[in-house]
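Peer 1: quick check, what structure comes out for this input:
(chains A and B)
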Amino acid sequence: MTEHAESPIGTYLAVFVTLLVMTALTTWVAFHDWGALNTPIALAIAVFKGSLVVWFFMHVRYSARLTQIVVVSGFFWLLILFSFTLSDYLSRGMLPFPGK
Amino acid sequence: MADAQAHAQDLEPTALQHQFDSLEQQFDASVLGMWVFLVTEIMFFGGLFMAYIVYRTWYPDSFAAGSHHLDVTLGMTNTMVLIASSLTMALAVWAGQQGNRFRQVLFLGLTLLFGFAFLGIKAYEYWEKFQDHLVPGPNFVWDGPGNPHAVQIFYSLYFAMTGLHALHMVVGAGIMITLLVMAARGRFTRQWSTPLEIGGLYWHFVDIVWIFLFPLLYLIERHV
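Peer 2: Residues are numbered from 1 along each chain as shown, chains lettered A, B, ... in the order given. As a prediction, this is how the structure comes out:
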């Protein structure tokens, strides 16, 4: 907690400005058509913004290794929820059923 | 003020609880515990995001139509307000590490102010939706493009997700007020300011949820 004695204000301001620019960017991008990439671009920007908050504002870069593992595992479990559920919903009707 | 802080430090029985080896270990344990809670929060919101993903893949056009009725300007403004509140929160935590009471109170106050600004704008948006009969239920009216039932599902998810988020903001405001009182009383010292760090983690988490809600709810296929 006290290893980073140097002032973090410069870093915080840089993160703050980046987050504002990314918010403007994701809004601008949404008003243009990128075809199938519309949602992936929006999500990529959101993931980038969220990662900045976790890494800098929430101090995970200075946290104990155990804490870092818990953070990553939390988001990993969320991906398990999404991927297993979607593997059901998205694959429905992909295979023909005999007699149907 | 420096004297008052030194005095407050003297009054502190011992910052280190007996079950920990060091202040650092004690601090790491608190942060780890908070993150375990935040992981349960991730899964809590995750269920709603999952429902959103499934229904949006089923009704993409109706979700886009429903999304077009949300106010992007207000949504973007609120995103920026929350980002600003995250900055002031981070600065409040830093002021805690410095043991600077004035800055703690200043930045916590600003964070609280931004939080209320967010809730005010959100309340105005909700009011608009009530005016436009876009609140799911017997009075829901939709004569735009898309399947009205599917648009109603979009608005159900909109109110559930932003409502749960707003509830977290209200809880966050309560935490900010508590921290503000503690800071004003000089409870936080260079040695011990863990509640600021823990409260900050909560506040930033709520910010992250909104960072995902904004594009997913407000920005679907806006180019059409």
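Peer 1: quick one: the helices in chain A, in order.
Peer 2: For chain A, the helices defined by DSSP state H cover A:9-30, A:38-52, A:65-89.
Peer 1: would CSV of those with mean pLDDT, distance to chain B and mean neighbour count be doable?
Peer 2: In this view, the C-beta of every residue, glycine as well, is placed from N, C-alpha and C. Formatted as CSV, these follow (pLDDT from 0 to 100; distance: least, C-beta to the nearest C-beta, whole Å; neighbours: other C-beta atoms under 10 Å in any protein chain shown):
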stretch, mean pLDDT, distance to chain B, mean neighbour count
helix A:9-30, 97, 4, 17
helix A:38-52, 96, 4, 17
helix A:65-89, 96, 3, 14
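Peer 1: how about low-confidence regions in chain B?
Peer 2: Chain B contains residues with pLDDT under 70 at B:1-14.
Peer 1: could you rerun that using 50?
Peer 2: Along chain B, the parts satisfying pLDDT under 50 run over B:1, B:8, B:11, B:13.
Peer 1: which element, helix or strand, includes B:Gly120?
Peer 2: Using DSSP states H and E, B:Gly120 maps to helix B:101-131.
Peer 1: what residues of that helix count as buried?
Peer 2: Judged by neighbour count using 16 or more other C-beta atoms under 10 Å in any protein chain shown, the buried positions of helix B:101-131 are B:101, B:103-112, B:114-119, B:121-122, B:125-126, B:129.
Peer 1: would JSON lines of the helices of chain A with distance to B:Gly163 be doable?
Peer 2: Converted to JSON lines, these look like this (distance: least, C-beta to C-beta, whole Å):
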{"stretch": "helix A:9-30", "distance to B:Gly163": "22"}
{"stretch": "helix A:38-52", "distance to B:Gly163": "20"}
{"stretch": "helix A:65-89", "distance to B:Gly163": "20"}
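Peer 1: nearest to B:Trp192, of the ones you listed?
Peer 2: B:Trp192 lies closest to helix A:65-89 among the helices of chain A, at 18.6 Å (C-beta to C-beta).
Peer 1: so the nearest residue to A:Ser63 once chain neighbours are set aside, which of the three states?
Peer 2: What sits nearest to A:Ser63 in space, not counting adjacent residues and going by C-beta to C-beta, 6 or more residues apart in numbering or on different chains, is B:Val31, at 6.1 Å. Put simply, B:Val31 is helix when judged by DSSP: H, G, I helix; E, B strand; the rest coil.
Peer 1: if we can go back for a sec, and the next helix or strand after the helix holding B:Gly120, what other elements does it pack with?
Peer 2: Using DSSP H and E, the helix or strand that follows helix B:101-131 in sequence is helix B:148-184. Helix B:148-184 is packed against helix B:23-58, helix B:60-67, helix B:72-98, helix B:101-131, helix B:194-213, with contacts defined by 3 or more C-beta pairs under 8 Å, 6 or more residues apart in numbering or on different chains; DSSP states H and E.
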